[in-house]
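Trainee: turn this into a model:
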Amino acid sequence: MKNIAAIFLSMILTALTAVGVRAENGDGAVDGSPRNRGYGFLMLEEPVNPRNAAMGSVGTALGGYGFRYYNPALPFFSPDMSSYASAEFGRMPGEVNKGGFETATFFSSWFGAISFFSSAVDFRTSDERGLSAPASSGTTVGALSAGYIRDDLAAGVSFSMADDRIWADDAYGAAALSFGLGYKMFDGKLGLGAAWMNAAAWSHGFAGDGPQWRGGRVPVFARVGAAWADTQWTFPYTVAADVAYRDEDGTISVPIGLEVKVLPYISLRIGKRIGWENEVASLGIGFNMDRLSFDAAFIPTVFVDDYEMKWSMGFTYNIGKRKKTEPVKNAVVPAKGSAPPEEESEQSEEDLDVIEEEVESTEEEPVSAKDETAPTDGTTAKDEAAPPEE
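Mentor: Model prediction:
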């Protein structure tokens with residue numbers, strides 16, 4: 001336990017040092033190039049799941065939905081590996097509305113999940129004559145994930161497709177493959193995760209008419225993370241941290257978060273995405289009512305001198321626990337040539353019924369007029385059976 005904690009602590013300290021060095025160069029730039037240079041599909045960088053967002057957008061090894069953003073193996077970390085269905089809605093700076101749903105199901109040794117999210121913003125355009133017309137911009141993302149579970153280890157792969165549309169003239173498409181791992185230790189208290197998001201990506205429409213391999217303008221992330229869940233002073237808590245690397249400009253961010261269940265049905269959350277300069281902090285609350293839970297996240301953001309509140313809310317319903325295949329213990333093996341116990345019992349019951357029927361038929365059978373074995377000297381069987389008179 002101490003060795004693992006030391007490893008992850010050193011990873012976080014290294015990431016913090018790298019973030020500080022990059023900050024000295026200004027705005028996380030690499031070789032003087034600004035962030036978001038030539039990037040498209042920026043909605044793929046927007047965290048999902050209000051619980052994770054309230055904890056600093058941490059989630060590589062934190063249970064809950066959001067496999068499309070955090071880790072394709074993320075359903076493996078859901079409580080008791082229960083199948084779930086979730087829905088989310090919220091608003092981002094610039095009056096951008098977002099919403100979506102996700103569901104996952106578990107079997108004995110594998111799981112499958114599907115998600116669909118979209119965002120949209122309405123605005124007005126104007127020309128040199130001052131004439132304006134309403135317009136809109138939106139992004140739609142759909143994803144599928146499948147994973148294999150072996151004891152405390154899981155591996156997942158997801159396939160996602162995105163569509164960026166600006167007004168009615170410009171449209172851009174992308175497809176990507178992501179890979180992830182998950183591992184549990186200490187009776188599930190410690191979760192470890194690693195993911196390579198959008199590792200293989202294709203895009204169309206941003207850089208010419210032809211398809212663009214690998215990046216095009218699809219954001220590529222590498223993530224590692226850990227989450228620890230335990231109880232302190234009768235208060236269940238979860239602490240989690242990630243290290244995320246952004247391939248386009250080399251930016252490293254360190255999301256960290258804390259969740260404390262202050263009442264049996266209420267959880268409070270706080271977090272910070274270190275190295276993500278436009279987010280001040282993150283706060284949230286959760287209500288857990290048996291199988292249904294409600295989560296909300298509030299994140300103050302700043303762009304130059306403009307402060308806005310980014311928020312999201314979601315519902316999750318736990319459908320049922322994972323179906324496990326367990327070996328049969330203390331099985332009775334019948335001896336060779338003998339019938340199974342159930343068959344023997346059924347056969348004995350049938351024999352008993354036959355005997356009872358024979359007894360009843362014997363009692364009800366009428367006495368024949370003449371017995372074939374009767375003596376020929378004129379005496380009857382009754383006379384022979386009678387004792388001699390003295």
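Trainee: can you give me the strands for the stretch 201-350 of the chain?
Mentor: Taking DSSP state E, counting those that start in this stretch to define them, one finds strands in the stretch 201-350 of the chain at 211-213, 221-232, 235-246, 252-263, 266-274, 282-289, 292-303, 306-320.
Trainee: dump these to CSV, plus mean pLDDT.
Mentor: Formatted as CSV, the strands of the stretch 201-350 of the chain follow (pLDDT from 0 to 100):
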stretch, mean pLDDT
strand 211-213, 46
strand 221-232, 94
strand 235-246, 95
strand 252-263, 95
strand 266-274, 96
strand 282-289, 95
strand 292-303, 93
strand 306-320, 91
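Trainee: out of those, the one nearest Asp152 is which?
Mentor: Closest to Asp152 of these is strand 221-232 (Cβ to Cβ; 14.1 Å). The way it works is simple: take the backbone N, C-alpha and C, and place the C-beta from them, glycine included.
Trainee: in that closest one, what's buried?
Mentor: Phe221, Arg223, Val224, Gly225, Ala226, Ala227, Trp228, Ala229 (16 or more other Cβ atoms under 10 Å).
Trainee: let me have the strands of the stretch 201-350 of the chain in CSV, extended by distance to Lys189.
Mentor: As requested, the strands of the stretch 201-350 of the chain are exported to CSV (distance: least, Cβ to Cβ, whole Å):
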stretch, distance to Lys189
strand 211-213, 42
strand 221-232, 6
strand 235-246, 10
strand 252-263, 14
strand 266-274, 17
strand 282-289, 19
strand 292-303, 21
strand 306-320, 20
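Trainee: how about these, which one is nearest Arg51?
Mentor: In terms of Cβ to Cβ, the element of the strands of the stretch 201-350 of the chain nearest to Arg51 is strand 292-303, at 4.6 Å.
Trainee: show me the contact partners of that closest one.
Mentor: Outside of strand 292-303, the residues within contact range by Cβ atoms under 8 Å, 6 or more residues apart in numbering are 49-51, 53-54, 90, 93, 269, 278-287, 307-318.
Trainee: buried set for it?
Mentor: Buried positions in strand 292-303, judged by neighbour count with 16+ other Cβ under 10 Å: Ser293, Asp295, Ala296, Ala297, Phe298, Ile299, Thr301.
Trainee: how close does the last one get to Gly64?
Mentor: If you measure Thr301 against Gly64 using Cβ to Cβ, to the nearest Å, the figure is 22 Å.
Trainee: correct me if wrong: Trp228 contacts Lys189.
Mentor: Yes. Shown here, Trp228 and Lys189 form a contact pair, counting by Cβ atoms under 8 Å, at 6.3 Å.
Trainee: mind listing what the closest residue to Asp122 other than its chain neighbours touches?
Mentor: Spatial nearest neighbour of Asp122, chain neighbours left out: Ser136 (5.0 Å); criterion: Cβ to Cβ, 6 or more residues apart in numbering. Counting by Cβ under 8 Å, 6+ apart, Ser136 makes contact with Ala120, Val121, Asp122, Phe123, Trp167.
Trainee: make a ChimeraX selection of the buried ones in these.
Mentor: Provided next is the ChimeraX selection string for whichever of the contacts of Ser136 are buried by 16+ other Cβ under 10 Å:
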select :121
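Trainee: which of the contacts of Ser136 sits closest to Leu153?
Mentor: Ranked by distance to Leu153 (Cβ to Cβ), these are led by Ala120 at 39.4 Å.
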